[in-house]
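[1] when you get a sec, could you give me coordinates for this:
(chains A, B, C and D)
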There are 4 protein chains.
Amino acid sequence: MSHSQYVLTLSCPDRPGIVNAVTGHLFENGGNILESQQYNDLETDRFFMRTVFAQSEANASPNGLFSGMETLAQRFDMHWTLRDRSQRRRVMLLASKFDHCLADLLYRWRIGELQMDITGIVANHPRETYRHIDLGDVPFHHLPVAKHDKAAQEAQLLALIEQTGTELVVLARYMQVLSAPLVERLAGRCINIHHSFLPGFKGARPYHHAHARGVKLIGATAHFVTADLDEGPIIEQDTQRVSHHDTPADLIRIGRDIERRVLAQALRCYLDDRILLNGQRTVVFAV
Amino acid sequence: MSHSQYVLTLSCPDRPGIVNAVTGHLFENGGNILESQQYNDLETDRFFMRTVFAQSEANASPNGLFSGMETLAQRFDMHWTLRDRSQRRRVMLLASKFDHCLADLLYRWRIGELQMDITGIVANHPRETYRHIDLGDVPFHHLPVAKHDKAAQEAQLLALIEQTGTELVVLARYMQVLSAPLVERLAGRCINIHHSFLPGFKGARPYHHAHARGVKLIGATAHFVTADLDEGPIIEQDTQRVSHHDTPADLIRIGRDIERRVLAQALRCYLDDRILLNGQRTVVFAV
Amino acid sequence: MSHSQYVLTLSCPDRPGIVNAVTGHLFENGGNILESQQYNDLETDRFFMRTVFAQSEANASPNGLFSGMETLAQRFDMHWTLRDRSQRRRVMLLASKFDHCLADLLYRWRIGELQMDITGIVANHPRETYRHIDLGDVPFHHLPVAKHDKAAQEAQLLALIEQTGTELVVLARYMQVLSAPLVERLAGRCINIHHSFLPGFKGARPYHHAHARGVKLIGATAHFVTADLDEGPIIEQDTQRVSHHDTPADLIRIGRDIERRVLAQALRCYLDDRILLNGQRTVVFAV
Amino acid sequence: MSHSQYVLTLSCPDRPGIVNAVTGHLFENGGNILESQQYNDLETDRFFMRTVFAQSEANASPNGLFSGMETLAQRFDMHWTLRDRSQRRRVMLLASKFDHCLADLLYRWRIGELQMDITGIVANHPRETYRHIDLGDVPFHHLPVAKHDKAAQEAQLLALIEQTGTELVVLARYMQVLSAPLVERLAGRCINIHHSFLPGFKGARPYHHAHARGVKLIGATAHFVTADLDEGPIIEQDTQRVSHHDTPADLIRIGRDIERRVLAQALRCYLDDRILLNGQRTVVFAV
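    Residues are numbered from 1 along each chain as shown, chains lettered A, B, ... in the order given. This is a model prediction of the structure:
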C-alpha cells in the first residue's frame, strides 16, 4: 500500500482549538502527520501552521480532505493551501545579462534538488546570451524592453505567465523593475534576489556602495516583490566576510556565490510550502 | 485574567492520531497552543513533539492536564514531560581551573538569559580560584579529587545532587572523567562541553591536535555524557575559522569563545525543554 | 639572549622602494621580521604596511630604530607608529546601563586575552550598577550627564583621558552621543560598538527596527567614532541568523553575543596595531 | 607605459635579512610591491613569503628577475616560484559520476573567475554522463578503470598529464583512489575535495556516518593528495549547520554546496600562488 503525501499551510486569527480541529480533520481522513510546525505571533495574535502528512491509499479521498478544509477555513477565517506533494509547482525564471543564478537554478533543478516544473525562461537578452547553459526543452522567450514601451513587454510577460499556468515568478538577477500593476498581479508569488544585505545598500550598484562604505561583510536578500522597491517581505538572507583587499569586482564575484545560494534556498522553501506571509514579514518554517 | 504557560514534550512509536489526541486533551483542558513542532523519524518510525501552550486561570486544572497525559502516555507508549514554565529547572555547575564557561553561564543567568535555579557550584579547585567571579549566594563546594580515591569524591557529588534536587548537571569545562556508575545515574541529565568539533580530536588536548593537523576551522561540541567518552548524543556544535598563523595558544583563545556560546546555547535549549533523545542522537527543536 | 619585539605600521603615497628601504633600516638595526603584511590601495595609490620584528638585545638600540624611521618618514611622507610590544596600550572603557560588553572586556583582560592597561572605567551610572562585576583596582568614575550641561561632563571626561595618558577610548555600549569637539579630539582613537549591521538600522533601537523589517540576520559593527553619527570607519562586523520566532527581546539577547565578540575583536586588532585608517575606511591586517 | 605583474613565493629557514635582500632585488629590477605577506613559523623556524609586484616595461627584464632570484635562493636555501601573472596555470580536472564540482569549476572558469587553462577533463565515466554541461573545446578523455588493471588507466592518465604540460590536477569528486606512485609523482600539485570536515569521517560515505553520529554541522575539506589517504595537507574547509530533520540524502544535498565552494576557493588560492607547503600543513596567504 503506497501513500500520498500532502502539505497543508494555514494562517488565521489565533483562538483555542485550531490545531485540534485541523488534526482531527486529518485523522478522520486517514492522514498521519510526518512533520508539523506551528507559530503564534503574539504581537498580531495571528496563528501559522504547516503540516506534512501521509494519506494511505486505502483511505485516500482527496475530496474529503479539501472540502473539510474549506469548512474549517470558514469557521476559523483561514488562509490555507493544501498540495499533493507529487504535484510540482509551476515556476517561470526571468533573467538578464548575468546568468549565475539562472545557471545555478537550472543545475539544481536538473539533478532533482529543486522539485518544480519550469514553465519557461524569459529574458530581455537573446537566447545566444545563455549559449553555455543547457536550457534543454525549457521554452525560452526573448522579451526585449523597448525604451518607451515597457508596458508592451510586460503585457507579453503576463500573457505568458497566464498561458503557462505559472504559479511563481523568480527574478534570477532580472534587472528590470516591474511596474506596480504587474507587481500587484503577482503579489506573494514573485521572488527577487537583491544583491545586498537589505535594508543596507538599496537600489543600484550595491557592491560599489558597500566598497565605498568599507563594510566587512556583504550579503544578499531574497524577498517577495512589492511595489515598494527593495522593501518587500524578506524570505532569506546571508552574508560573507570581505576585507580591505576586495575591490568592487571582488565583491561582485563573492556576491555571486551568496546570491545563488540565497535564491536557491528561498526557492526551495517556497516549493515546499514553507513560506507564509505575515504582513510585511514572512514566517519561514525552515528545515 | 492571567495565564500559565506549559511546555509538553513527548516521543513514542509513530501511528496515526497522536497529535489529534494530544491537542484534543489540551483543548479540553483550556490550553491554547502558542508554538509547536513535530517530527517523525522515518528511519526509526518514532514520533517526537514539543508544544508550548497557555492555560487561562479560569480553566486552570493542572491535575487534569497531568492525569490526562498519563492516560495518553499509556495508550501511545509515550515518554513525556510536562512543565509549568514558571517552575525553573534546578541546575548544578561543575568547573575546574578554566572558568570561562562558568563565568559566562553565571553572567547570563544573572541578567535573566538563562532561566534556571542554580543548586550549587562544584569544583575540584578551591573557591579562591574563582575569586574574580561574583558567585553571589550560590552555594560553592570544593570537592578535590584524591589520587587513589575518586569514588569518595563522586559519592559526595552524588549526595549533593540528590540533596539539592538537582535536575541537570553541567560540566562547564570540568576536567574530571565521571565514572560509569555516576554517568549511568545522570543519564540524559548531564551535559558536557568538549573543546573540539566531535568526532574530530576526541580525548585530551584537542587544540594541540588540531594545530598539528593544520585544520582551517576549529569547533566545540555540547553533548550528553555517556559512559563511552566523547561519544554521547550531540546537542549543539559550532566552528570558527583559523589560519596557519594561529598557534595552539591562539586556538585555545579562539576556542573559549566557541565553547561558551555552544554550551550556553545547549543549556538554553535544555531549560526550555527543546532537547529530546533519539537513541544515540538528539532531536533539538531549536528556535 | 632575549629579544624585544616591535610592531611597525606605516602608510604613505605609493612608490617603488618603500619596503626595501624600511626592511633595510630594520636589518641594519638588528631586526628580524616575524610577520609582515603590505597592501597597496590601487584606487587611492596609497601604501600600507604592518611589520612585527624581533631585535636581539646585543643589537638593541631603540633610538636608532626610531630616529631612522623618522628619516624614512620624511623621505616617503609616511604616517607611522613603532611600538615595543611590551609597552601595552592605555585604554579607557566607557559604559552605560547595559554591561555585557564591559563585563566581557574585563574578563578577557583579566585572563590575558587583551594586552592593555585600563586607565579607568567611566560611566554615566553609579558604581553600584556594576556591583556584580569585579572591577578590581581599576579606577571607576561616575560622570552623570546633566540634562542641560553635557559640556561639563565631557570636560571632566577629557580631563581624565589626558591625566591618565589614555591612548584609546572604548565606548562599550556607552549610550551618550559625544559632542563634535570631543570626537575631533579623539579622532582615530575612539571605538564604538553599534548594535546593528551598519549601514542598516542606524540610530536608536536598531533591534526593534530589524524586527519590524523582518530581517533574517542581525549584526553588530565596531567603528571609529566620527562627528557623523554611525558613519565612522568600520573596523569589524559580524552577523547571526534569526527567525520569525524571535521577538525584539530575543534579538537584543542574541545581539549581546554578537556585540561583545565584535567589540573584543576590534579591540584586539587595535591593541596589536592591526588597524590603519584609509580615508573613510580601514585597512585591518587581521590574523 | 603598461606593467607586467609577477607573483613571487618562497620559503626558507629563517634568518635576518631575507625580506631586505628580496625586496632589494625586486627594487633593483624595477619592481613595485602591490601586496605582500610574510609569516615566520616559530615552531619550525621556517620563513614564508608571497609578494605581488609590478614591473614597468621600461625596466622590464624578466631574465634579471629570475637569475637574481636563483642567486638569492642559493644563499638562503629557498624553495621559490616566480610567475608572470599573465601566464595562467595549466590545470586538469578529474571527475566521476557526481558532476556538481566539475560543473561549478567550468562555470567559474568560463566567466573568468578562475584564471587557468584547462588542459583536459578526465573521467572514468563516458562523455555522455556530462551531456548537460557545456564542455566547450576542452579535451575530454574517458579513461575507464578496469577491475584488475588500475595501473593501465593510471599510465594513460600520467601520459596525458605530461603531454599536456599539466601543472595541477584537481580531483573534482573523482572517486578513484590514486596509487602511491602516482600520488608521489603529483606531490604538491594534486588537490582533492573530501566530502567531510576532516579529520572527522575519513573514508567512504561520510554523510551517512555524519548522520548516524548526529552531528549538528557538516563540512568539506580541500587538501593535497598524499599516499596516506585523507591525511594530506589541508588547504581549505568549511561547515554548514544541519539538524535532526536532515536525512543522509539531505546531507548529501547540503554537502554539494559546501564541496563546490571549498574546492573553488582552494583552486583560486592555488592559481594565485597563495598556498605554500609547511610540512604536513599549509600556509595559505588568503585574501
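
[2] show me where the stretch 151-287 of chain A has strands.
    Assigned by DSSP state E, counting those that start in this stretch, the stretch 151-287 of chain A shows strands spanning A:168-171, A:190-194, A:217-224, A:234-241, A:275-278, A:281-284.

[3] out of these, which is the most enclosed?
    strand A:217-224 (a mean of 26; mean count of other C-beta atoms under 10 Å in any protein chain shown). For glycine as for every other residue, the C-beta is placed from the backbone atoms N, C-alpha and C.

[4] next, the angle from that strand to strand C:217-224.
    Per axes from the mean of the first three to the mean of the last three C-alpha atoms, to 10 degrees, the angle that strand A:217-224 makes with strand C:217-224 is 150 degrees.

[5] picking up where we left off before, ok, which of the strands of the stretch 151-287 of chain A comes nearest residue B:102?
    Nearest of these to residue B:102, taken as C-beta to C-beta: strand A:234-241 at 30.8 Å.

[6] out of the strands of the stretch 151-287 of chain A, which comes closest to residue C:68?
    Residue C:68 sits nearest to strand A:234-241 of all the strands of the stretch 151-287 of chain A, at 37.0 Å, using C-beta to C-beta.

[7] need the contact list for residue A:235.
    A:191, A:222, A:223, A:224, A:266, A:269, A:270, A:275, A:282, A:284, C:216 (C-beta atoms under 8 Å, 6 or more residues apart in numbering or on different chains).

[8] how about residue A:284?
    Taking C-beta under 8 Å, 6+ apart, we find residue A:284 in contact with A:235, A:236, A:269, A:274, A:275, A:276, C:216, C:243, C:244.

[9] closest to residue A:98 among those residues?
    residue A:236 (19.2 Å).

[10] any stretches of chain A with poor pLDDT?
    Residues of chain A that meet the criterion pLDDT under 70 lie in A:1-2, A:57-60.

[11] redo that, cut-off 90
    Across chain A, the ranges flagged by pLDDT under 90 are A:1-3, A:16, A:56-64, A:146-150, A:203, A:228-230, A:286-287.

[12] how about the helices in the stretch 51-200 of chain A?
    Secondary structure of the stretch 51-200 of chain A (DSSP state H, counting those that start in this stretch): helices at A:62-76, A:100-110, A:150-163, A:180-185.

[13] name the nearest of the contacts of residue A:284 relative to residue C:257.
    So of the contacts of residue A:284, ranked by how close each gets to residue C:257 (C-beta to C-beta), first place is residue C:243, at 15.8 Å.

[14] you'd agree the closest one is up against residue C:211?
    No. At 11.2 Å, residue C:243 and residue C:211 do not qualify as touching, with contact defined as C-beta atoms under 8 Å.

[15] quickly list what the residue in the stretch 101-250 of chain A that chain B sits nearest to is bridged to.
    Closest to chain B within the stretch 101-250 of chain A is residue A:241: 8.3 Å, counting by C-beta to the nearest C-beta. Bridge pairing for residue A:241 (DSSP bridges) gives the partners residue A:217.

[16] roughly how far apart are it and residue A:254?
    Plainly put, residue A:241 is 9 Å away from residue A:254 if you go by C-beta to C-beta, to the nearest Å.

[17] can you pull the contacts of the spatially closest residue to residue A:21 that is not a sequence neighbour?
    In this structure, residue A:21 finds its nearest non-sequential neighbour in residue A:72, 5.9 Å apart by C-beta to C-beta, 6 or more residues apart in numbering or on different chains. The neighbours of residue A:72, taking C-beta under 8 Å, 6+ apart as the test, are A:21, A:22, A:25, A:78.

[18] just give the closest residue to the second one, not the sequence neighbours.
    In space, not counting the residues next to it along the chain, residue A:22 is nearest to residue A:72; the distance is 6.4 Å by C-beta to C-beta, 6+ apart.

[19] got it, and residue A:268?
    With C-beta to C-beta, 6+ apart, the residue lying closest to residue A:268 is residue A:114, at 6.4 Å.

[20] between the contacts of residue A:284, which sits nearest residue D:97?
    Distance to residue D:97 across the contacts of residue A:284 (C-beta to C-beta) is lowest for residue A:269, with 28.5 Å.

[21] show me the contacts for that closest one.
    A:235, A:236, A:275, A:284, A:286.

[22] still on that earlier bit, the more surrounded of residue C:243 and residue C:211?
    Neighbours per residue, other C-beta atoms under 10 Å in any protein chain shown: of residue C:243 and residue C:211, the larger number sits with residue C:211, 22 against 16.

[23] so the more buried one makes contact with residue C:245?
    No. Contact criterion C-beta under 8 Å: residue C:211 and residue C:245 do not qualify, at 11.1 Å.

[24] what's the spacing between residue A:68 and chain C?
    28 Å (C-beta to the nearest C-beta, to the nearest Å).

[25] likewise residue A:17?
    Following C-beta to the nearest C-beta, the distance that separates residue A:17 from chain C is 22 Å.

[26] residue A:63 too?
    From residue A:63 across to chain C, the span is 33 Å (C-beta to the nearest C-beta).

[27] tally of neighbours for that residue?
    Residue A:63 is flanked by 9 other residues according to other C-beta under 10 Å.

[28] equivalent analysis for residue A:133, please.
    Counted with other C-beta under 10 Å, residue A:133 comes out at 21.

[29] now residue A:44
    12.

[30] which single residue in the stretch 51-200 of chain A comes nearest to chain C?
    residue A:200 (4.2 Å).

[31] in chain A, which helix is the longest?
    helix A:248-271 (DSSP state H).

[32] next one: it to chain centre, how far?
    Distance, stretch centre to chain centre, for helix A:248-271: 14 Å (C-alpha atoms, centre = their mean, to the nearest Å).

[33] show the contacting residues for the residue of the stretch 51-200 of chain A closest to chain C.
    Counting by C-beta under 8 Å, 6+ apart, residue A:200 has contacts A:206, A:210, A:215, A:219, C:197, C:198, C:199, C:200.

[34] wait, the second one touches residue A:196, no?
    It stands for residue A:210. Yes. The pair formed by residue A:210 and residue A:196 meets the contact definition of C-beta under 8 Å, at 6.8 Å.

[35] name the residues contacting each of those two.
    residue A:218.

[36] so chain A: which segments form each domain?
    Chain A breaks down by automatic domain parsing into domains covering A:3-84, A:89-284.
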